[in-house]
Every structure is written in structure tokens, then in C-alpha cells.
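Enquirer: Sequence first, then the predicted structure:
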Amino acid sequence: GGIITQTPKFLIGQEGQKLTLKCQQNFNHDTMYWYRQDSGKGLRLIYYSITENDLQKGDLSEGYDASREKKSSFSLTVTSAQKNEMAVFLCASSQGDTQYFGPGTRLLVL
Amino acid sequence: GDQVKQSPSALSLQEGTNSALRCNFSIATTTVQWFLQNPRGSLMNLFYLVPGTKENGRLKSTFNSKESYSTLHIRDAQLEDSGTYFCAVSVGDNSKLIWGLGTSLVVNP
């Protein structure tokens, strides 16, 4: 088995601030994902990466940057936090079939 | 949400009863996945399906590729089955998933 860890668990930011979320997996999976989930809604794909140093845009990439520095880690940056923004950011990894998810980072922008 | 539609959007069941959740999609796909997000927010995979049927305990799921739908059957519902059930279908090279908006299930004692 393996595990996906996301840091931090909770993130409170200020409007306009640049915020970075981190994700680590020890499954040795090739593909990693960042999703955004708004309250009571489904998941929307922000970025994904099929291997180290690869980046592919999802449907919601505007306003975000991502970085796959090594196979086990995938980070997401909110380039300018929007006032009153509140969402959960979920990281996942996959080896061609099912996706495994981390516990999420809950973001609140004041 | 438009390409993958789940029904019902919300469901309340008595403990011990059975139900079926539906996922209709309007895009060509080769795989369907079902996930459960529990009330604490953790997402876990329930089924990874190619066309056909899989069963796991009290859960059974079918993917009908000809008619573009999938179903998730819950038998003898238990309190711990409560949560939001998501259906997702793969697109392109199977790296990406398109997600439905979920079915929120509450199981009552």
C-alpha cells in the first residue's frame, strides 16, 4: 500500500497573496493530479503531470501554477488568492487505472 | 457536470434497504470509476470498470458502454455508507477523468 500526504491541511491567506500547496506520494505512481472542489460540488481538474517535469493543463488552470520537481511530489501555487475564496484542493496519483486521493488542503482567503 | 450526469442528486435510505445510483454520460469512454467521499471529506475509489459488472461486498456496479451509462447498486445499506458518491469517466489517453456532480446519500437508522 501507499499513502498521499498533503500540506498544509488548512491554509488561510490574504487577498492577492501567492500560496503554495504541496503533495507527496509513495506509491511510485507516474501520474499526479490537482483538483479543486467547491462546497457541495464535483471535482475540477487544475493541472496534472504524467511524469517528472511534465505539466498538463486541466480545465481550471487559469490563476494557478504547478511544478513536478520529482516523481513523488507535485506542488500547486495559487498565483493571486481571490477575496472570500473557499475551496478544498485535492491531490491524487495514478498508475494508469484508479486514482488515489490525499486528504485535501482547505483554503480560506480573507 | 453536463457531460456526466448523476441521479438522483440526493437520496435518503433506511438502514437495511437497497438502492441504485445512476450515471449517464454523453462522451465516448472506455472506463468508468465510482468514488465515495465520506462526511469527513476523504475520497476513496470503489470501482474501476471496463464494460461489464463488478461486485464487492454489498456493492455492485455495471458499465454499459453501448448505452453510455453506469449504475451503482447498494444492498442492505449501512450507516457508514453515508456520503457523496461520484462517478467519473476517462477521456483521451485515460489520464484525465470527467466527473459528475455526485449523489449525496444519507442512511438513517
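Expert: Nice, thanks for sending it over.
Enquirer: Just give me the residue right at the centre of chain A.
Expert: By Cα atoms, centre = their mean, chain A has its centre lying nearest to A:W34, at 3.3 Å.
Enquirer: Paired strands for the strand or helix carrying that one, with orientation please.
Expert: Assigned by DSSP states H and E, A:W34 belongs to strand A:31-37. Strand A:31-37 has the following sheet partners, assigned by DSSP bridges: strand A:43-49 (antiparallel), strand A:86-94 (antiparallel).
Enquirer: From the chain's centroid, how far away is that strand?
Expert: Relative to the chain's own centre, strand A:31-37 is displaced by 5 Å; criterion: Cα atoms, centre = their mean, to the nearest Å.
Enquirer: Give the full set of residues in contact with residue 61.
Expert: Assuming you mean chain A. Listed by Cβ atoms under 8 Å, 6 or more residues apart in numbering or on different chains, the contact partners of A:S61 are A:I46, A:Y47. From N, CA and C alone the C-beta is placed, and that goes for glycine too.
Enquirer: wrong one, I was asking about chain B
Expert: Counting by Cβ under 8 Å, 6+ apart, B:S61 makes contact with B:V32, B:W34, B:L46, B:F47, B:L49, B:T53, B:K54, B:E55, B:S70, B:T71, B:L72, B:H73.
Enquirer: For it, identify the helix or strand it belongs to.
Expert: strand B:59-64.
Enquirer: May I see the buried residues of that strand?
Expert: Of the residues in strand B:59-64, B:L59, B:K60, B:S61, B:T62, B:F63 count as buried by neighbour count, 16 or more other Cβ atoms under 10 Å in any protein chain shown.
Enquirer: ditto for stretch B:100-108
Expert: B:G100, B:L101, B:G102, B:T103, B:S104, B:L105, B:V107.
Enquirer: quick one: contacts of it?
Expert: A:41-42, B:1, B:4-15, B:19, B:21, B:23, B:37, B:74, B:77-88.
Enquirer: now those: which count as buried?
Expert: A:42, B:4-6, B:11, B:13, B:19, B:21, B:23, B:37, B:74, B:77, B:81-88.
Enquirer: Could you find the closest non-adjacent residue to A:K9?
Expert: Nearest non-adjacent residue to A:K9, counting by Cβ to Cβ, 6 or more residues apart in numbering or on different chains: A:T105, 6.4 Å away.
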